[in-house]
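Novice: quick one, what's the 3D model for this:
(2 chains)
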Protein chains: 2
Amino acid sequence: MGTRRDVLGGIGAGVFASALGGSAQAAPKRKLGYAVVGLGYYATRQIMPNLKDCEFAELKALVSGTPAKLEKYGAEYGIPKTHQYSYETYDRIRDNPDIDIVYVVLPNSMHAEYTIRAHQAGKHVMCEKPMAVSVAECQAMIAAAKKAGKKLMIGYRCHFEPYNLKAIETVKSGALGKPTLIFAEHGFYAGPNQWRLDKALSGGGSMMDIGIYSLNAARYLSGEEPVEVSAMEYTDRSDPRFKTVEDRIDWQLRFPSGLIADCVSSYSSNHNHYRVTGRKGWVELEPATNYEGQEMWTRLEGKREQVVLPKPAKNQFVRQLDHLPECIMSGREPIVSGEEGLRDMRLIEAIYRAAREHRAITLA
Amino acid sequence: MGTRRDVLGGIGAGVFASALGGSAQAAPKRKLGYAVVGLGYYATRQIMPNLKDCEFAELKALVSGTPAKLEKYGAEYGIPKTHQYSYETYDRIRDNPDIDIVYVVLPNSMHAEYTIRAHQAGKHVMCEKPMAVSVAECQAMIAAAKKAGKKLMIGYRCHFEPYNLKAIETVKSGALGKPTLIFAEHGFYAGPNQWRLDKALSGGGSMMDIGIYSLNAARYLSGEEPVEVSAMEYTDRSDPRFKTVEDRIDWQLRFPSGLIADCVSSYSSNHNHYRVTGRKGWVELEPATNYEGQEMWTRLEGKREQVVLPKPAKNQFVRQLDHLPECIMSGREPIVSGEEGLRDMRLIEAIYRAAREHRAITLA
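Specialist: Down below sits the predicted model:
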């Protein structure tokens, strides 16, 4: 194992892929080891349980600032003390060859630092969305990955969810005719007293957290990059939840083809829905981006129909978690790399600016 | 009959209402006479057939520039030659006491002229939406009605449609909690070579024609007047349909309560839908503003349910057509007066300006 790990860790992914003939199927069935950084709800309830079902990945280490969490989840997942780290001892992951990938599931403002430190320790990184809290941070993360010769993937789970993939395929197939409108709405009621309402940790309000689903969906459904954005915000600053972050922000994107996307982000009402309309009809998901329970409808030639897909062998979490090891072993770039996170972050900055300046922003 | 008509035509509506105790029920069952101006699709397929079912209205005269249409519909509806007018002889309606109300169903750019001439002839007016093609025209129409001491109502049919009324009631009832978002989309594929694509006749593209349904719905569903508008247009000027008018224009409205409306208008895809979301759930109509076939759903406390209303005794057309005579007889103002049309037109001008100048417009 030591030798194999040295090969995976030490040789550029492209070289490794080339040695294997560039095929994932030719790669050995070894599972790459994940260290999960930040043991909050999403990490412990979604990522860690789903790692058990992965074909190419397994949980190998834990990083947390709370000793009781390390003890609890260490026992539950059989992670020895030697593979448990605090934020102070985090950089020692460098010396642990069982750790191939670091999954950063911390509050948004910590993404850049912990991603860069992981790269500096010679590890690949999966980082939750939003990638970071500024374009500058995203660029630094991409540079760190490049310098280390390691991969950086952003946790855009929906790119691995069958109904979302089917929606993309439906748009691409031409079944809707030329697409004219994407409407995408995401939101939930954010209760008080949580890190996401503290800008120092979250970097922003609903836009960063849940609105990014509307934004990313507009991009993957259109298959285009927008050329103009306008936006409108409403935040009741007398609401103690919104001392530092925004509540609601809606924006419009204009794409080169003429497609317009109207997008919604809210911390005051529940939304999880999108619809793409073309000349011949529409495709709709509701819920669209939940952990499970997606429902899909189409209206084509005036006929409204529900689309039901077979249950996939791997759910969206498992597919996402397996994708990075597959890319590492085959030398491919992840379908949702740091560049993808950076593109969203550039748009988020433009959306905030458009709302703040009450004017449309032309995108480069 | 002559005396009665003189009373109705010659005395201010308020005085008449007062004489009757202000109650429509106390008014005699006489039907007021409509002259329909412009014998196109909407007039001949919707308005004229529905006038037959009215309680307080009947078709009494026809105005058209096409002699064959006058002959055809004159015969079909039993309208004698003495009650048929061309645009040249139109002003002679002044001398016809059987005509109480003129219904203007002409291309948009003719609304103001034919409304004002009707008022000058001493008649009440029902004018189709959009009220006119500019704020200035709307103001002139309101002034003409006032000067004549006659009523002016705009053909906002949806204010008389049971599902739309139920949606308004649902929002007002508080069942949704505090409303945060209205999404309203209206559009259809406009085939080439029709008056609505000629700006000289239509005054504008999809916004004037079908987008106004999204706009008016945002106002009646919110029960508020917006304070800010932003907008984004896309028109392919190489498409021969769009030499003079816009194809698609989407806009955002911010209301004083913090409610945001995202609205869609299109001449390149079919849309007829709105949803109002609040903290506790949403109410949705699709189709929302069609001539018939409205379907309504709510999601309250996570439970999605269809709402089916009993078939009303009078459909939305009949209720709209009866409303103006009822107002005339009782001395009330129509619920959709010239002021209502003017409010939409002010917003349409602001939406066009926001799109043209790529910036948000603050509304007075």
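
Novice: which bits of chain A sit near chain B?
Specialist: Residues of chain A lying near chain B by C-beta under 8 Å from any C-beta of the partner chain: A:177-178, A:180-181, A:183, A:185, A:187, A:189, A:228, A:230-232, A:234, A:236, A:248, A:250, A:252, A:254, A:258-260, A:262, A:264, A:266, A:268-271, A:277-279, A:281, A:358-360, A:362. Every residue, glycine included, has its C-beta placed from N, CA and C.

Novice: could you rerun that using 7 Å?
Specialist: Within chain A, the positions near chain B by C-beta under 7 Å from any C-beta of the partner chain are A:180-181, A:183, A:189, A:228, A:230, A:232, A:234, A:236, A:248, A:250, A:252, A:254, A:258, A:260, A:262, A:264, A:266, A:268-269, A:271, A:277-279, A:358-360.

Novice: sec struct for residue A:34, please.
Specialist: strand (DSSP: H, G, I helix; E, B strand; the rest coil).

Novice: how close does it sit to residue A:322?
Specialist: Computed as C-beta to C-beta, to the nearest Å, the residue A:34 to residue A:322 distance reads 11 Å.

Novice: between those two, which has more neighbouring residues?
Specialist: Taking neighbours as other C-beta atoms under 10 Å in any protein chain shown, residue A:34 and residue A:322 compare with residue A:34 leading, 28 against 21.

Novice: could you report the pLDDT at residue A:257?
Specialist: Listed pLDDT for residue A:257 reads 98.

Novice: ah, wrong one, I meant residue A:19
Specialist: 32.

Novice: do residue A:230 as well
Specialist: pLDDT, read off for residue A:230, is 98.

Novice: can you check the one 5 residues further on too?
Specialist: Residue A:235 carries a pLDDT value of 98.

Novice: tell me who's in contact with residue A:155.
Specialist: Applying C-beta atoms under 7 Å, 6 or more residues apart in numbering or on different chains to residue A:155 gives the contacts A:126, A:127, A:128, A:129, A:320.

Novice: can you do 8 Å?
Specialist: A:103, A:126, A:127, A:128, A:129, A:320, A:336 (C-beta atoms under 8 Å, 6 or more residues apart in numbering or on different chains).

Novice: might one say that the last one is in contact with residue A:152?
Specialist: No - with contact taken as C-beta atoms under 8 Å, residue A:336 and residue A:152 are classed as non-touching, separated by 10.0 Å.

Novice: distance check, residue A:217 against residue A:138.
Specialist: For residue A:217, the distance to residue A:138 - C-beta to C-beta - is 19 Å.

Novice: need the next SSE after the host helix or strand of residue A:297, C-terminal direction.
Specialist: Assigning secondary structure by DSSP states H and E places residue A:297 in strand A:296-300. Next helix or strand after strand A:296-300 toward the C-terminus (DSSP H and E): strand A:303-307.

Novice: what pairs with that following strand, and is each one parallel or antiparallel?
Specialist: For strand A:303-307, the pairing partners within the sheet under DSSP bridges are strand A:296-300 (antiparallel).

Novice: list of residues touching the partner strand?
Specialist: By C-beta under 8 Å, 6+ apart, strand A:296-300 touches A:163, A:166-167, A:170, A:175-176, A:280-286, A:304-309.

Novice: give me the below-cutoff pLDDT ranges for the stretch 151-300 of chain A.
Specialist: Scanning the stretch 151-300 of chain A for pLDDT under 70 picks out no residues.

Novice: assign the closest residue in space to residue A:77 that isn't next to it in sequence to helix, strand or coil.
Specialist: Using C-beta to C-beta, 6 or more residues apart in numbering or on different chains and skipping residues adjacent in sequence, the residue nearest residue A:77 is residue A:59, 5.4 Å away. Classification of residue A:59 by three-state DSSP places it in strand.

Novice: and for residue A:59, the neighbour number?
Specialist: Neighbours around residue A:59, by other C-beta under 10 Å: 24.

Novice: same thing with residue A:268?
Specialist: So residue A:268, with other C-beta under 10 Å, has 25 neighbours.

Novice: thinking it is in contact with residue A:248, fair?
Specialist: Yes - using C-beta under 8 Å as the test, residue A:268 is close enough to residue A:248 to be in contact (6.2 Å).

Novice: which residues are in contact with both of those two?
Specialist: Common neighbours of residue A:268 and residue A:248 (C-beta under 8 Å, 6+ apart) are A:187, B:180.

Novice: just to revisit the earlier point, bridging residues for the residue nearest to residue A:77?
Specialist: Assigned bridge partners for residue A:59, using DSSP bridges, are residue A:34.

Novice: that one and chain B: what is the separation?
Specialist: For residue A:59, the distance to chain B equals 33 Å [C-beta to the nearest C-beta, to the nearest Å].

Novice: tell me the contacts of that residue?
Specialist: A:33, A:34, A:36, A:48, A:51, A:52, A:77, A:79.

Novice: how does it look with 6 Å?
Specialist: A:34, A:48, A:51, A:77 (C-beta atoms under 6 Å, 6 or more residues apart in numbering or on different chains).

Novice: so who does residue A:284 touch?
Specialist: Contacts of residue A:284 by C-beta under 6 Å, 6+ apart are A:275, A:297.

Novice: quick check: angle from the helix or strand where it lies to strand A:296-300?
Specialist: Assigning secondary structure by DSSP H and E places residue A:284 in strand A:281-285. Here the directions of strand A:281-285 and strand A:296-300 differ by 180 degrees (axes from the mean of the first three to the mean of the last three C-alpha atoms, to 10 degrees).

Novice: partner strands of strand A:281-285, parallel or antiparallel?
Specialist: When DSSP bridges is applied, strand A:281-285 pairs with strand A:271-278 (antiparallel), strand A:296-300 (antiparallel).

Novice: what pLDDT, on average, does the helix or strand containing residue A:76 get?
Specialist: Here residue A:76, judged by DSSP H and E, is contained in helix A:67-77. Mean per-residue pLDDT for helix A:67-77: 98.

Novice: in it, which residues are buried?
Specialist: A:69, A:70, A:73, A:74, A:77 (16 or more other C-beta atoms under 10 Å in any protein chain shown).

Novice: so which elements touch the following helix or strand past that helix?
Specialist: Next along the chain after helix A:67-77, taking DSSP H and E as the criterion, comes strand A:84-85. Strand A:84-85 sits against no helix or strand, with contacts defined as 3 or more C-beta pairs under 6 Å, 6 or more residues apart in numbering or on different chains; DSSP states H and E.

Novice: alpha carbons of the next helix or strand along the chain from strand A:84-85, as PDB, please.
Specialist: Using DSSP H and E, the helix or strand that follows strand A:84-85 in sequence is strand A:101-104. The C-alpha trace of strand A:101-104 is given here as PDB (Å, rounded to 0.1, in the frame of the first residue of the first chain):
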ATOM      1  CA  ILE A 101      -8.400  14.000  -0.200                       C
ATOM      2  CA  VAL A 102      -9.500  16.600   2.200                       C
ATOM      3  CA  TYR A 103     -13.200  17.500   2.200                       C
ATOM      4  CA  VAL A 104     -13.700  21.000   3.500                       C
END
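
Novice: what does the following helix or strand past strand A:101-104 rub up against?
Specialist: Following strand A:101-104 in sequence order, the next helix or strand is helix A:111-120 (DSSP H and E). Under the criterion C-beta under 6 Å, 6+ apart, residues A:37, A:91, A:102, A:104, A:106, A:125, A:127, A:132, A:137, A:141, A:144-145, A:148, A:150 lie in contact with helix A:111-120.

Novice: related to what we said a few turns ago, then the strand holding residue A:284 to CSV, C-alphas only?
Specialist: Extracted in CSV, the C-alpha atoms of strand A:281-285 (Å, rounded to 0.1, in the frame of the first residue of the first chain):
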residue,chain,number,x,y,z
GLY,A,281,-42.8,23.7,-23.8
TRP,A,282,-41.1,23.4,-20.5
VAL,A,283,-39.3,21.1,-18.0
GLU,A,284,-39.7,21.6,-14.3
LEU,A,285,-38.2,20.1,-11.1
